[in-house]
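J.: Sequence first, predicted coordinates after that:
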Number of protein chains: 2
Amino acid sequence: MIPIVKADGTVELEFIRQLKKRSGEVDEKVNQAVAQIIAQVKERGDEAVREYTVKFDGRAPENLEISKKELKEAENSRAPELLDALRRAAENIADFHRRQVQQSWLETKKDGVILGQRIRGLQRVGLYVPGGTAAYPSSVLMNAIPAKIAGVQELIMVTPPGKDGRPNQDILAAASIAGVDRVFLMGGAQAAAALAFGTQRVPKVDKIVGPGNIFVATAKKQLYGVVDIDMIAGPSEILVLADETAKPEFLAADLMSQAEHDKLASAILLTPSQEIAEKTKEELERQIRSLSRKEIIEASLRDFGMILVCRSMEEAVDFANELAPEHLEVCCANPMEYIGRLDNAGSVFLGNYSPEPLGDYYAGPNHVLPTSGTARFFSPLSVDSFIKKSSFIYYTEDALREAKDPIASIAQAEGLTAHAHSIQIRF
Amino acid sequence: MIPIVKADGTVELEFIRQLKKRSGEVDEKVNQAVAQIIAQVKERGDEAVREYTVKFDGRAPENLEISKKELKEAENSRAPELLDALRRAAENIADFHRRQVQQSWLETKKDGVILGQRIRGLQRVGLYVPGGTAAYPSSVLMNAIPAKIAGVQELIMVTPPGKDGRPNQDILAAASIAGVDRVFLMGGAQAAAALAFGTQRVPKVDKIVGPGNIFVATAKKQLYGVVDIDMIAGPSEILVLADETAKPEFLAADLMSQAEHDKLASAILLTPSQEIAEKTKEELERQIRSLSRKEIIEASLRDFGMILVCRSMEEAVDFANELAPEHLEVCCANPMEYIGRLDNAGSVFLGNYSPEPLGDYYAGPNHVLPTSGTARFFSPLSVDSFIKKSSFIYYTEDALREAKDPIASIAQAEGLTAHAHSIQIRF
């Protein structure tokens, strides 16, 4: 079970070091296997994809592409409660992400100068959605909706066929709700390669997003540069800041909601109250009995969980900023006060009624968040993840005449005389 | 000299394939040497940096850190023309990039819900500036100014000492003008590693930006994830679209202004006019004689240059979008008309008086641009390159009650029962 530890300035730093070790090196064998799959798909296209699908997924699907009609049928076949939930979630997600949209702009300056920045959605994006037990409709919504709001012209989803050669119907329903344009039934490194290079049937994309197993993640890393990719997600993390007003039964439930993802997931409670620490541990022991993913939760809490009793809330905030967790809950009397002090976190959940699963599924902010301490410099997936910018410059003859001496001066200092020449020849 | 080729739908695609081959694999020996340098600096800090500096730069500088006073002295020691030029350029760059600043925001929804996105500058950023012949003060301005505007709290520059153990004074002057906070005299992979992990004297940063040789670029790639990095720049590229109104002497000068960067640089002219094509070639032959970097220009134009005579401006635009060049000049009668049609380019230069060096040095938009066709999905360096975002969620008890059934529904569909439990335990 989760240990209770007193903060002393070294135990917590040692814990951070341990956590960092979770994201290990990729096996050289995986790297090589993926490189070969990519090379084959690049060269032989659909034929290679089909061979790998038979090899890894058991059999090739009858139809490589899912029709619009099938998508709509999948949507209509879902239970009304689930359908209603997905639609309400989609609305909240769209509402939040619409506020992230940036506009192209231009400015005019003296002598007729025009400068500007053009912003537009990527032309084509590929979205990878895992099959099996990691087939999450919420993941489809969180990736697809910002892409469509950014103005991506064609959003192409790939997902592996199940053992029966058919796709997961919840995934298709979510794709239909989110406005995915085309869906291909393929998975693994072969699907990522098909998206990056294009095949006879699959169009070439500009960026690949979405979670996947080690083969998909390795393929995305290897294809970076041919296409853009999103972050490579590490194991999930939650850090909960709690003062003496927090409710141990809530805290325990929230810690376990992240711990259930994965034996490598990490759940941490930070509190200045020894009583809260002990009561939360009791609650964990009590509540865990009724949960279906008990074994995963136990392993995760034991290996990467901690209840840290700190000397003050200030110390707790400093530790949170040092750890830079993916999810950060603030279960304190005045949660809003902490917004300006929590500098490194993917998403911050404020108060006793903002548990982390609210953000995973429903509230609107994205659930694709930086992990493993990278919230120090990475941001959540957003509309910005699906745009490209370019600048433009229009100078008149008068404006360039005014600028010619300074430009020549810098060019000469840098020894780039043809740069100076290209300005000077105009006068 | 540069070939004149008639577009036929295949010759131009073959040319693009040839261009792509320029960015080859990194030598395994370089990879291993860099990995060793990083490991040493991570373990032994300043001592290792010092050893590598002696080994690669000849001797260690007397003082590792350049004082504020030395920066100011370097600024005051520059020729008035250069100083004036750098200051005017800095002002234009700051003016353009200030328009890119995004604000934090929050929205309030019914039942007391508050959602928001917080945006702030990275805490600490490292800027690599090469020494020797690639010591470009313009590069300091283009990297440092957006970082400071983004709100980066501490901007740390590293640059290798020259053979006399002293730094380039133009670089220091530019750092002083741009508001760089601290400067350390170190270069190569050892400097990148010192920034990523921190040493006894060098503080640990969140992101490393700036150009560098193959060792620096390889170190940045290997350190990605420990810190964020900017793009790895490929050889420079210019594509010029010219109709029959263009001026061959300008076109020739502009092509050479990029060709002089590097024997691997690529300069391409696209025009429907055979006459413009031929006259530009004559101008190239005439003008090149007087240029100091003649040899580099000749090699670059021969190996990676092309004058492509296309059948129409539409075809030229399609080719430009396919190639996705770093720099794109539009030397046509109505240049502004092209803004909406040129979908893939780092920076677009419109009209006969907007030559590319205007953007390199002076106009304001950034000169750090996506190369090798990556303008399809990457953007110029900008204020956005130096920020991080995080979202926050505050729900009240009433608001969560309203949301609890949909959330539980999705969690159950995904088999994540502890997620559902964390919502349900609150009611």
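T.: Cool, the structure landed.
J.: Chain A - how does it break down into domains?
T.: As assigned by automatic domain parsing, chain A contains the domains A:4-23+A:234-363, A:28-103+A:118-229, A:395-424.
J.: can you put these in JSON lines and add mean pLDDT, mean neighbour count and distance to B:P160?
T.: Quick note: C-beta positions are derived from backbone N, CA and C, even for glycine. Compiled in JSON lines, the domains of chain A are given as follows (pLDDT from 0 to 100; neighbours: other CB atoms under 10 Å in any protein chain shown; distance: least, CB to CB, whole Å):
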{"stretch": "domain A:4-23+A:234-363", "mean pLDDT": "95", "mean neighbour count": "21", "distance to B:P160": "30"}
{"stretch": "domain A:28-103+A:118-229", "mean pLDDT": "95", "mean neighbour count": "20", "distance to B:P160": "27"}
{"stretch": "domain A:395-424", "mean pLDDT": "96", "mean neighbour count": "21", "distance to B:P160": "17"}
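J.: What strand or helix carries the closest residue to A:E275 other than its chain neighbours?
T.: Nearest residue to A:E275, sequence neighbours excluded (CB to CB, 6 or more residues apart in numbering or on different chains): A:E244, at 7.2 Å. Using DSSP states H and E, A:E244 maps to neither a helix nor a strand.
J.: Same question for the one 5 residues further on.
T.: According to DSSP H and E, A:E249 maps onto helix A:248-259.
J.: Name the next helix or strand following that helix along the chain.
T.: Scanning onward from helix A:248-259 (DSSP H and E), the first element met is strand A:266-271.
J.: what's the following helix or strand after that next one?
T.: Using DSSP H and E, the first helix or strand after strand A:266-271 is helix A:274-287.
J.: Which strands or helices does the helix or strand immediately after that following helix in the chain pack on?
T.: The helix or strand immediately downstream of helix A:274-287 is helix A:294-304, counting by DSSP H and E. Helices and strands touching helix A:294-304, by 3 or more CB pairs under 8 Å, 6 or more residues apart in numbering or on different chains; DSSP states H and E, are helix A:248-259, strand A:266-271.
J.: Go again with 6 Å.
T.: helix A:248-259 (3 or more CB pairs under 6 Å, 6 or more residues apart in numbering or on different chains; DSSP states H and E).
J.: is chain B contacted by the helix it packs on?
T.: Yes. Helix A:248-259 reaches chain B (CB under 6 Å from any CB of the partner chain) through A:E249, A:A253, A:D254, A:M256, A:S257.
J.: before we move on, back to that, need the domains of chain A in JSON lines with distance to B:A420, can you?
T.: JSON lines is the format used below for these (distance: least, CB to CB, whole Å):
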{"stretch": "domain A:4-23+A:234-363", "distance to B:A420": "7"}
{"stretch": "domain A:28-103+A:118-229", "distance to B:A420": "11"}
{"stretch": "domain A:395-424", "distance to B:A420": "61"}
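J.: Spatially, which two of the residues of helix A:248-259 next to chain B are the most separated?
T.: A:E249 and A:S257 (12.9 Å; CB to CB).
J.: interface residues of the stretch 1-150 of chain A facing chain B?
T.: Residues of the stretch 1-150 of chain A lying near chain B (CB under 6 Å from any CB): A:E81, A:L82, A:A85, A:R88, A:F96, A:L115, A:L122, A:Y136, A:S138.
J.: returning to what we had before: could you export the residues of helix A:248-259 next to chain B to JSON lines, including columns for distance to B:A178?
T.: Shown next, in JSON lines, are the residues of helix A:248-259 next to chain B (distance: CB to CB, whole Å):
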{"residue": "A:E249", "distance to B:A178": "54"}
{"residue": "A:A253", "distance to B:A178": "50"}
{"residue": "A:D254", "distance to B:A178": "45"}
{"residue": "A:M256", "distance to B:A178": "50"}
{"residue": "A:S257", "distance to B:A178": "46"}
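J.: quick check, nearest of these to A:T371?
T.: The closest of the residues of helix A:248-259 next to chain B, once distances to A:T371 are taken by CB to CB, is A:S257, at 15.9 Å.
J.: which residues sit in contact with the closest one?
T.: Going by CB atoms under 6 Å, 6 or more residues apart in numbering or on different chains, A:S257 touches A:E356, A:P357, B:A418, B:H419, B:S422.
J.: Helices - which of these land there?
T.: Using DSSP state H, the subset of the contacts of A:S257 located in helices is A:E356, A:P357, B:A418, B:H419, B:S422.
J.: will you turn these into TSV that also has distance to A:D57?
T.: Compiled in TSV, those are given as follows (distance: CB to CB, whole Å):
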residue	distance to A:D57
A:E356	32
A:P357	30
B:A418	29
B:H419	28
B:S422	34
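J.: out of those, who's nearest B:I268?
T.: A:E356 (51.9 Å).
J.: Just confirm that closest one contacts A:H327, I think it does.
T.: Yes. Judged on CB atoms under 6 Å, A:E356 makes contact with A:H327 at a distance of 5.0 Å.
J.: Could you please give me the overlap between the contact lists of the two?
T.: A:I238.
J.: and the nearest residue to A:Q40 once chain neighbours are set aside, what are its phi and psi?
T.: Once flanking residues are discounted, A:Q40 sits nearest to A:A48: 4.1 Å by CB to CB, 6+ apart. Backbone torsions for A:A48, taken as degrees, to the nearest 10, come to phi -70, psi -40.
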